[in-house]
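> generate coordinates for the sequence data below:
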Amino acid sequence: MRPNRLREIWKSGGAALNGWLAIPNSFSAETMAHQGWDALTIDLQHGVVDYQAMVPMLQALSTTATVPVVRVPWLEPGVLMKTLDAGAYGVICPMVNTREDAQKLVAWTHYAPRGTRSFGPVRALLYGGADYAQHANDTIVTFAMIETAQALDNLDAILSVEGLDAIYIGPSDLSLALGCTPTFDDVDPPVAQAIDHILARAKAHGVVAAIHNGSPEAALARIAKGFQFVTVSSDARLMAAGAQQVVAKMRARPAPGSAQGY
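Numbering: from 1, shown residues only. Just a heads-up that it's a prediction; the model follows:
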């Protein structure tokens, strides 16, 4: 089976750089994949991507060594299993709030005897290889999002679930849950304390810690703290930022015929 580079990066003690795909288009996904990201996450929870758009996006990512990850809309067995059958090598699941939630997530993403995932890896066989079934349980990466006050209360119980590979912090939702302003990087003190706490407990349990960021500077600072999977921006945000820079420079040009000197 094709190795999962995320596991290789983490085993070496490194941190993976993840990009975010919000545009439901295979060409934009392919273009992003050729820029050198370690992983790219297709977002089915928020935005405009659906399952039919996701599949050709996964095919586009397959033209590179970039690891295909998908954030599913919710903790629901059908979408988790279909996402893995389509060839995702990692799934990020939102709103995992209890140990029972985490147990369901692990069960629905693993074949028996570890879990209850139904067998039918139609495209995953093409991407992963003919021996996919024998190695999928040890190759696929499962992330549980920690983004609520309830999840904080149950953090150690969630982290102790066998088979959970990583947790993923959504700073904006976590901020809202703690009564603070939603943002990625410059979070309020209670949120910063919660993020540090989550990171420390994840390390104690041997679970990889991941987090969403708004800038490379914030992501680098969080890698220095010990995060091993950092998301920086999205295809849509990067396109908008690049376009804004071009437009701003053009609008700032001197008007034709204007004086250039004394």
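
> C-alpha only now, for contacts and for neighbours.
Noted.

> where does Phe143 land in three-state SS?
What DSSP: H, G, I helix; E, B strand; the rest coil gives for Phe143 is strand.

> that one and Gly90 touch, don't they?
Yes - Phe143 is within contact range of Gly90, at 7.5 Å (criterion: CA atoms under 8 Å).

> which residues in this protein form strands?
Under the criterion DSSP state E, strands of the chain are mapped to 16-21, 39-43, 67-71, 90-93, 141-146, 166-169, 208-213, 229-234.

> make a markdown table out of the ones you listed and add mean neighbour count, distance to Asp188 and mean pLDDT.
Converted to a markdown table, the strands of the chain look like this (neighbours: other CA atoms under 10 Å; distance: least, CA to CA, whole Å; pLDDT from 0 to 100):
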| stretch | mean neighbour count | distance to Asp188 | mean pLDDT |
| --- | --- | --- | --- |
| strand 16-21 | 24 | 24 | 98 |
| strand 39-43 | 26 | 26 | 98 |
| strand 67-71 | 25 | 26 | 98 |
| strand 90-93 | 25 | 25 | 98 |
| strand 141-146 | 25 | 17 | 98 |
| strand 166-169 | 24 | 15 | 98 |
| strand 208-213 | 24 | 14 | 98 |
| strand 229-234 | 23 | 20 | 96 |
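
> so can I have TSV of the ones you listed showing distance to Pro121?
Shown next, in TSV, are these (distance: least, CA to CA, whole Å):
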stretch	distance to Pro121
strand 16-21	23
strand 39-43	19
strand 67-71	15
strand 90-93	14
strand 141-146	16
strand 166-169	23
strand 208-213	26
strand 229-234	26
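
> and the residue nearest the centre of the protein?
Geometric centre of the chain, nearest residue: Thr41, 5.0 Å, by CA atoms, centre = their mean.

> in the sheet, who's paired with it?
Trp20, Val69 (DSSP bridges).

> residue contacts, it?
Contact analysis of Thr41 by CA atoms under 8 Å, 6 or more residues apart in numbering lists Asn18, Gly19, Trp20, Leu21, Pro68, Val69, Val70, Arg71.

> dump the residue contacts of the closest residue to the fourth one other than its chain neighbours.
The one in question is Leu21. Leaving aside its sequence neighbours, Leu21 sits nearest to Ile42 (CA to CA, 6 or more residues apart in numbering; 4.8 Å). Neighbour list for Ile42: Trp20, Leu21, Ala22, Val49, Met54, Met57, Pro68, Val69, Val70, Arg71 [criterion: CA under 8 Å, 6+ apart].
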